[in-house]
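Q: Next input, structure requested:
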Amino acid sequence: MPAASAIRLNKFISESGLCSRREADRYIEQGLVLLNGKTAKVGDQVAPRDRVTVNGHKLEPRQAEDAVYLAFNKPVGITSTTEPGVRGNIVDYVNHAARIFPIGRLDKDSSGLIFLTSDGDIVNKILRAGNQHEKEYVVTVNRILTDQMLDEMSRGIPMLGTVTKPCVIQKETPYIFRITLVQGLNRQIRRMVEHFGYEVTKLERVRIMNVTVKGLPVGDWRELTPQELAGIMKMVEKSSGTEEASGGRRQSRPTAPRPAAPRPATKANAAAPSPTGETAPRRPYKKPPPSPQNPSGTGWWGPRPDKPAAAGARPGAAGKRPAKAGPA
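A: So this is what the prediction gives:
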């Protein structure tokens, strides 16, 4: 098996226990980090046996480790999660000596092929929908399939605010079809089938990219062969890491028209006839709330309620509107 891939410099520094990733980035930006004797840059990668120094402090180099790549034929009832508190989680079921995690998901009520690995860098490259990595399923439904339904499904249907990507579908029997996807929306196949009023009674994933489940009993796992792994590495070599995983064609949503702003009541429109010929009632006057410029709320510039006029002052003297400033 190939050695585990390089990791980001800030992650390597953080895992050494020296500081957090954010602080590591700050040290890198300040030029206090050396990678193999040269000033490091944010985003640099650390491979096994690379030498890293932070502000004169030498960190232990990473040791070369063989990454783990497994093919597992998941039974129904096993959950694709690493959470230890979840009963029947996939990591406890496989019980491998290395710290592994699944690549993607396979529903609890589905069975079939799923990858597990200790190599975190390969996960996103496999999952990115824009990279066109194929996953093949055999689906059994509760009633007879129609050619029209399968044809419409293959061309894409609206789902979860998007439209599913075109896919290859082949009818196997009146109740079973084979489908190949390049994306993985939440419960995608089940939702696609339900869109046409069907229900999935059995769902099995039989292939991921160049690896099939053939010859692997349900509940068993095996290491990927060197040939399988080489094929996967070649497929993900130029995989994009910027597109959202499992993306689709975004479905344009109609914009609701904005309600027209109400017109203020005036003499011109207060009694204007409606389209039905009836006269609309005059809109009642609504007293504005008091404000520093209008304490009484009536438009009269009277004395502030919290500052009465001085004793002896002429009525209204304190409430004169200030004169406009004129030229000096």
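
Q: give the contact list for residue 176.
A: By C-beta atoms under 8 Å, 6 or more residues apart in numbering, residue 176 lies in contact with 138, 139, 140, 141. All C-beta atoms are positioned from the backbone trio N, CA, C, and that covers glycine.

Q: 6 Å instead?
A: residue 140 (C-beta atoms under 6 Å, 6 or more residues apart in numbering).

Q: Show the model's pLDDT score for it.
A: For residue 176, the model assigns a pLDDT of 98.

Q: what's the spacing between it and residue 13?
A: Going from residue 176 to residue 13 by C-beta to C-beta, to the nearest Å gives 53 Å.

Q: Leaving out chain neighbours, which residue sits closest to residue 41?
A: Distances taken as C-beta to C-beta, 6 or more residues apart in numbering place residue 28 nearest to residue 41, at 6.8 Å, with adjacent residues excluded.

Q: Identify the bridge partners of residue 101.
A: For residue 101, the beta-bridge assignment (DSSP bridges) gives partners residue 117.

Q: That one against residue 82, yeah?
A: Yes - with contact defined as C-beta atoms under 6 Å, residue 101 counts as touching residue 82 (5.0 Å).

Q: Now for this protein, the helix or strand with the poorest mean pLDDT.
A: strand 249-250 (a mean of 47; mean pLDDT, DSSP states H and E).

Q: what residue ranges in the stretch 201-328 of the chain score low on pLDDT?
A: When residues are selected by pLDDT under 70, those of the stretch 201-328 of the chain lie in 239-328.

Q: ok, longest helix in the chain?
A: Taking DSSP state H as the assignment, the helix of the chain that covers the most residues is helix 226-236.

Q: And the contacts of that helix?
A: Outside helix 226-236, the residues that touch it by C-beta under 6 Å, 6+ apart are 69, 125, 209, 210, 211.

Q: Now with 10 Å, please.
A: Applying C-beta atoms under 10 Å, 6 or more residues apart in numbering, the contact partners of helix 226-236 are 1-2, 67, 69, 71, 115, 121-126, 128, 131-134, 208-212, 223-225.

Q: Okay, and which of these map to strands?
A: 69, 71, 115, 208, 211, 212, 223 (DSSP state E).
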